[in-house]
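Q: let's see this in three dimensions:
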Amino acid sequence: MTRPTRRDFLKTAAGAAAALPFLKVLPAAAASGDVLVVVSGQTINSLDLHRTGTNRPSYQVSVNCYDRLVSFGAKEAPGGGFSYDYSEIVPELAESWSVSDDGLVITFKLKPGATFWDGKKVTAEDVKWSFDRAVSVGGFPTVQMKAGGLIRPDQFAAVDEETFTVTLDKPSKLSIPDLAVPVPFIINSAVAKANATAEDPWAMEYLHKTPAGSGAYKVLRWDQGQQLVYERNDSWVGGPLPAYKRVVVREAPSPATRRALIERGDVQMSFNIPNKDAAELDANPKVDVYSTPIENCIHCLCPNFSFEPFQDANVRKALAYAIPYEAIFQTAAYGRGAPMWGPAEGYDELAWPRPSGYAEDLEKAKEFMAMSGYKDGFEVPLSISLGLADWMEPTALLCQEAFAKIGIKTTIEKIPGANWRTAALVEKRLPLHLENFGGWLNTPDYYFFWAYKKGHLFNSSNYSVPEMEQLVDDTLHIPMDDPAYAPNIKRMFQMAFEDLPRIPLWQPALNVAMTGAEGYEFWFHRQLDVRPIRPVSA
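A: Next comes the predicted model:
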């Protein structure tokens, strides 16, 4: 199935549209025709995904304002609407591509009519500079590129103005899919270089606030902590021209406020709504609710191995048996998603996510505590993000109550959403915390690459075991039909549930409410892609 195409839509007065970004309150009449108004509880902290500390909500800027060489196709999604299709790679900036017989050289031909917002032609040199940047800046973008075997600038070459090549050290099943994630976006290198300095050769400070892309939308205005306003790029050649000329993404921390806005029709979309609101809005005939299971994603409790008591395997198992899984699933998830506790009955042996084999059993939990070196218990903070409080807070409260019964006294630490990524993932300093990593490339070994390897961003538990490191390295690039693939994956699962650096709770769903608009498409990165959205047909 191809990506949904644009439909005819009504136009509103240009003056009314131009006034929208400056309004503190958006009336219902404004949310129509050429303008899409979205409300979200998430805070965008940068316009540059490559920047250290850029948070997940900011990824939407890369998606909507920049192009990649390729993208994923679209398919109908469970729960309504559409979803990206991992099995289909489609052109974006690349017109075509080919792979050498040995699988080591990928050659891309760029679309000859592609231009940046300033009118400059997109060339292979821009692609090379952008890829060089992604593999050189360190942190999340560099590790993400590494997952596809993209490691060094000397792997990338601009053969001519419209021909770009990638040379791999070894063939990898992830190389081309990795080019469709938000990280390898193409930057106007002339603009970036003009604003770079000796201390900032990749123009991080400039691109933090001023994108320079060729994507479907430009950033018209960014009021940090309040709103982001997109304006359509009418010269875009990366896909069908979006229906909306302008998109206003308003930040509203209060779930009650966001719910009231969508119910009144003051906005056309409320993105990433709490499970409670999704369950209750299902009954509203004026609102469409899409709840899409997030592939390769698990909500987890993470004991940090740098905290001495959690170096004891018996303590970790005591936690796993003490957790009131069903109560958490009903209270925090409202039953939306998939349980990740109990036996893995009915699951394919290589399916991921999968249940852990643990279930609530307080007597077993007490037995493991008694066998541990901490039979008298201990105290530990249990950290949550205020930006994810809708599920983290009820989960933490239920865990706190349960852990007290086995002698583990917890104090709930609430960390502002803007600071969460640094504390939990970059500094990895939280002794016990909730997390919700979802792998972008839909294979188990990719999830383990991010969450179970030493130093990698989502290994917030500081887990480090040489056997796991070697298993991931050996498995990441080999085909899924390789004889070594299945045994390696099964061993990873066994170690993950025996060592328990991440205790699975449930696989979540991403909830979106819409009224007056359609064409929503779920993406693995869990951020808003405004490009396919259109007004409901009259």
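Q: check contacts around Thr54.
A: 45-46, 48, 140 (CB atoms under 8 Å, 6 or more residues apart in numbering). C-beta: built from backbone N, CA, C; applies to glycine.
Q: and for Lys193?
A: Counted by CB under 8 Å, 6+ apart, Lys193 has contacts 129, 203.
Q: hang on, Glu379 packs against Phe403?
A: No: in this structure Glu379 lies outside contact range of Phe403 using CB atoms under 8 Å: 10.4 Å.
Q: who has more neighbours out of the two?
A: Phe403 (23 against 11; other CB atoms under 10 Å).
Q: wait, that one sits on Pro324?
A: No: judged on CB under 8 Å, Phe403 makes no contact with Pro324 at a distance of 10.2 Å.
Q: one step back: among the contacts of Thr54, which one lies nearest to Met269?
A: Nearest to Met269 among the contacts of Thr54: Asn45, at 21.2 Å, using CB to CB.
Q: please name the nearest non-neighbouring residue to the closest one.
A: Once flanking residues are discounted, Asn45 sits nearest to Asn55: 5.0 Å by CB to CB, 6 or more residues apart in numbering.
Q: before we move on, what about Thr210?
A: Leu47 (7.2 Å).
Q: count of neighbours near the one you found?
A: Count around Leu47 with other CB under 10 Å applied: 21.
Q: which residues touch Arg152?
A: Counting by CB under 8 Å, 6+ apart, Arg152 has contacts Val135.
Q: distance check, it against Arg133.
A: 13 Å (CB to CB, to the nearest Å).
Q: next: Met269.
A: Going from Met269 to Arg133 by CB to CB gives 32 Å.
Q: likewise for Pro431?
A: Counting by CB to CB - Pro431 and Arg133 are separated by 35 Å.
Q: looking at those two, which one has more neighbours?
A: Arg133 (24 against 21).
Q: is it fair to say Ile412 lies in a strand?
A: Yes: membership of Ile412 in a strand is supported by DSSP: H, G, I helix; E, B strand; the rest coil.
Q: so which of the contacts of Thr54 comes closest to Ile187?
A: Among the contacts of Thr54, and counting by CB to CB, the member closest to Ile187 is Asp48, at 9.2 Å.
Q: report pLDDT for the residue nearest to the closest one when sequence neighbours are not counted.
A: Ranked by CB to CB, 6+ apart and with sequence neighbours excluded, the top spatial neighbour of Asp48 is Leu207, at 4.3 Å. On pLDDT, Leu207 comes in at 98.
Q: what about the stretch 401-538 of the chain, any weak spots by pLDDT?
A: The stretch 401-538 of the chain contains residues with pLDDT under 70 at 538.
Q: show me where it has its strands.
A: 408-415, 432-435, 503-507, 509-514, 517-518, 521-522, 534-535 (DSSP state E, counting those that start in this stretch).
Q: Phe310: which of those is closest?
A: Of the strands of the stretch 401-538 of the chain, nearest to Phe310 by CB to CB is strand 432-435, at 7.4 Å.
Q: which neighbours does the closest one have in its sheet, and in what orientation?
A: Strand pairing for strand 432-435, determined by DSSP bridges: strand 299-303 (antiparallel), strand 378-385 (parallel).
Q: do you know how far Pro431 is from Gln311?
A: Counting by CB to CB - Pro431 and Gln311 are separated by 11 Å.
Q: got it, and Thr142?
A: In terms of CB to CB, Thr142 sits 29 Å off from Gln311.
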